[in-house]
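Enquirer: coordinates only, sequence not included:
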């Protein structure tokens, strides 16, 4: 990538990736030359999918976006930005409550590393959607097919199959 390339990062846990996440990543990919999807790795918290599984699902679901790269990180997102020469953090915002929290994070990230944050309103189709809701629905055998890509739905059903039986 040329040195003057405009790079952005979409950080998150993505446990699991939903159509809401992919909407934000795809729209970001239209605005920036290179978009990193950075999976936060928190060693003190275990998710449903481990980090490698989340990376694999993200690589598969963003394969049709040639300027999107997927990686994991520990620590501060501003350190990830510095390491990958990223100047913008893109965050999807579903509601005012999301904005309140994300604004504090944006101000901290700017103070720590001079990295700007772009708040992107969520597509209304996904304004209610969260990974937690998808996991809960999948756990109880709910139809999640309209909320996550097929590969994610299959993996969720496989994770919860023993509990649903």
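Expert: Ah, there it is. Remember, predicted model here, so these are calculated numbers, not experimental data. Residues are numbered from 1 along each chain as shown.

Enquirer: use CA for all of it now, contacts and neighbours both
Expert: OK.

Enquirer: and the end-to-end length of stretch 119-131?
Expert: Distance between the two ends of stretch 119-131: 19 Å, counting by CA to CA, to the nearest Å.

Enquirer: would you mark the buried spots in it?
Expert: 119, 122, 129-131 (16 or more other CA atoms under 10 Å).

Enquirer: format these as TSV; extra columns: pLDDT, distance to residue 87 and secondary structure.
Expert: Below are the buried residues of stretch 119-131 laid out as TSV (pLDDT from 0 to 100; distance: CA to CA, whole Å; DSSP: H, G, I helix; E, B strand; the rest coil):
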residue	pLDDT	distance to residue 87	secondary structure
119	96	14	strand
122	92	21	coil
129	93	27	coil
130	93	26	coil
131	94	27	helix
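
Enquirer: which one of those residues is nearest to residue 100?
Expert: Within the buried residues of stretch 119-131, the smallest distance to residue 100 is 11.4 Å, found for residue 119 (CA to CA).

Enquirer: quick one: contacts for the closest one?
Expert: Counting by CA atoms under 8 Å, 6 or more residues apart in numbering, residue 119 makes contact with 90-93.

Enquirer: and it, how close does it get to residue 88?
Expert: Using CA to CA, residue 119 is found at 10 Å from residue 88.

Enquirer: now do residue 29
Expert: Distance from residue 29 to residue 88, counting by CA to CA: 12 Å.

Enquirer: what of residue 7?
Expert: Distance, residue 7 to residue 88, using CA to CA: 7 Å.

Enquirer: after the helix or strand in which residue 30 is found, next one along is what?
Expert: Element membership for residue 30 (DSSP states H and E) is helix 19-31. Elements were assigned by DSSP H and E; along the chain past helix 19-31, the next helix or strand is strand 34-40.

Enquirer: wait, residue 48 touches residue 15, no?
Expert: Yes. At 6.6 Å, residue 48 counts as touching residue 15 under the criterion of CA atoms under 8 Å.

Enquirer: tell me which of these two has more neighbours.
Expert: Using other CA atoms under 10 Å, the more surrounded residue of residue 48 and residue 15 is residue 15, with 22 against 13.

Enquirer: list the contacts of the more buried one.
Expert: Residue 15 touches 47-49, 54, 131-132, counting by CA under 8 Å, 6+ apart.
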